[in-house]
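okay, sequence plus prediction incoming.
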Amino acid sequence: MTHEVELLSKKDIGQFQALVNHAFPGEKPFEKTWMHTSLDKYDRGNKHLGVREKGTVVSHVGIYPLKVRLPGALLKVAGVGAVATYEKCRGRGFMKSQLDFAEKLMQADKYDISWLAGERVRYGYFGWENGGRLFKYCLTERTTRGISTSGFTYKKYSGSDSDLKKIIKLHKKDGLGAERSYLDNKLCFGRWRRETLIAFRGKQAAAYVCLKKNTWVEDTGTVQEFGGGLPALKALFRYVVVLEKLKELDIFAPPFFNRYSKMLSEISSHELLRNDGMIKIIDLKSTLKKFAGQMSLKLKGLKIKRTLISFEIPELKQRATLEFGKCVRVTDKAATLKISLNRREMVRLLFGLSRLSDQYNLGKKYALLDLVLPLDLYFWRLETV
């Protein structure tokens, strides 16, 4: 059964807030905990879908535009969040109607993929699949004990424009995660139950971390974003552990090598590679084009024989061919080597957790894919929806 789905407007802010606070009681007040995804007075390109009964919004799905930085490209991602229905109205197909409508909007707006954080059992039915990776490093009081916190002063960010500009400057140096406007940064760092601390060397901001203390496990916390110089960042991690009296501090970090990788490994008790969310492919060819730069970097310096491999998703009637050589290009050329999968299987192939040969019997013909897959996109936990 289909239901009339409409785009909500600012006049629906009150109804939206009532609905999401009902659906996510642990996140109350939603408009503060998830400031960057709320229906509010700001127009930032978000689209809020809703179903009404007797004039009241009883179900909602949000679409949040994200542009994720890749080597030489910006991946256009449709984030999905604030999926909510009043308990008395559940089981009637409202979510399906809205997600079907959402995909049509994503296609019209030429998104590459859609991303959400949710349960595989729930969203797999609608075409999303586990994909994307991150590293979780575990720091403890013991692993950070030898780190000196002297030489820096520390300050909690309290919303001032001056401090926010300092944080943004440090954040931009890494070029990781999604592109964010000044307003996006203000909303993200202003989120309730997140605390951002800044380490200063003199008057110069040297590092920052955004912390969320866990409510379900006592004396633990997660760093949802960080940046800055390595000595200052190490000192700041130790300062947070001591200040908050934490037994364990988890650091969420990119899954690929970067300037923080060695330092984080050295001061952690262990590290874990894990899925970061769920992905739905909207445009296969465009997605592969956006990742061509990343794949080319993985082949840099290697002598690769020219090889063509086609990928296709029959249910979407989409196909694209990767041409391997000195670099990776996406072409329309015919290839004798072909991989044909449904859209969920294609997500697992392209955005899986480890090398393809760990999960598939590739054979010699397709062994080249082990060098370039999985593809990596990375969001900071602070900016995900």
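Everything's here; your move.

C-alpha from now on. contacts and neighbour counts both.
Noted.

count residues in the vicinity of R343, would you?
Neighbour count for R343, taken as other Cα atoms under 10 Å: 23.

that one reaches I281, doesn't it?
Yes. Contact criterion Cα atoms under 8 Å: R343 and I281 qualify, at 6.6 Å.

before we move on, what SS does the nearest residue to T321 once chain neighbours are set aside have?
Excluding the flanking residues, the one nearest T321 by Cα to Cα, 6 or more residues apart in numbering is S310, at 4.1 Å. Assigned with DSSP: H, G, I helix; E, B strand; the rest coil, S310 falls in the strand class.

measure S310 to R319 for me?
Distance of S310 to R319, computed by Cα to Cα, to the nearest Å: 7 Å.

and those two? Which one has more around it.
Set S310 next to R319 and count neighbours by other Cα under 10 Å: S310 wins out with 20 against 17.

show me the contacts for that one.
Neighbouring residues of S310 by Cα atoms under 8 Å, 6 or more residues apart in numbering: R319, A320, T321, L322, A334, A335, T336, L337, K338, I339.

just the buried residues out of those residues, in PyMOL syntax.
A single PyMOL command selects the buried members of the contacts of S310 (16 or more other Cα atoms under 10 Å):
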select buried, resi 319+320+321+322+335+338
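
okay, and the beta partners of the residue nearest to K156 when sequence neighbours are not counted?
Among residues not flanking K156 along the chain, L197 sits closest, at 4.5 Å (Cα to Cα, 6+ apart). Beta bridges link L197 to K156, V209 when assigned by DSSP bridges.

find the least confident helix or strand in this protein, judged by mean pLDDT.
helix 120-123 (a mean of 93; mean pLDDT, DSSP states H and E).

so which elements touch that helix?
Here helix 120-123 touches strand 129-140, going by 3 or more Cα pairs under 8 Å, 6 or more residues apart in numbering; DSSP states H and E.

helices or strands next to the strand it packs on in the packing?
helix 120-123, strand 248-253, strand 270-281, helix 343-350.

quick check: buried residues in stretch 176-192?
Using 16+ other Cα under 10 Å as the burial criterion, the residues of stretch 176-192 that qualify are 176-180, 185-192.

K10 contacts D40, correct?
Yes. Using Cα under 8 Å, K10 is in contact with D40, at 6.4 Å.

quick one, which of those two is more surrounded?
Using other Cα under 10 Å, the more surrounded residue of K10 and D40 is D40, with 19 against 13.

tell me the contacts of the residue located most distally from the centre of the chain?
Within the chain, K54 marks the point farthest from the mean C-alpha position, 36.2 Å out by Cα atoms, centre = their mean. Contact partners of K54, counting by Cα under 8 Å, 6+ apart, are absent.

where is the longest strand in this protein?
Looking across the chain with DSSP state E, the single longest strand is strand 56-70.

for it, packing partners?
Secondary elements touching strand 56-70 (3+ Cα pairs under 8 Å, 6+ apart): helix 13-23, strand 47-53, strand 73-85, helix 94-108.

the residue nearest to M346 when sequence neighbours are not counted pairs with what?
Leaving aside its chain neighbours, M346 sits nearest to I313 (7.5 Å; criterion: Cα to Cα, 6+ apart). Using DSSP bridges, the bridge partners assigned to I313 are Q318.

ok, I313 touching R344?
No. With contacts counted by Cα under 8 Å, I313 stays clear of R344, the gap being 9.4 Å.

now render the contacts of S310 as TSV, adding secondary structure.
What follows is the contacts of S310, written out as TSV (three-state DSSP):
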residue	secondary structure
R319	strand
A320	strand
T321	strand
L322	strand
A334	coil
A335	coil
T336	coil
L337	strand
K338	strand
I339	strand
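
what's the closest of the contacts of S310 to V217?
V217 lies nearest to I339 out of those, by Cα to Cα, at 43.8 Å.

quick one: contacts for the closest one?
Residues counted as contacts of I339 (Cα under 8 Å, 6+ apart) are I309, S310, F311, E312.

one more pass at 10 Å, please.
Contacts of I339 were listed using Cα atoms under 10 Å, 6 or more residues apart in numbering, and they are I309, S310, F311, E312, I313, R319, T321, M346, L349, Y366.
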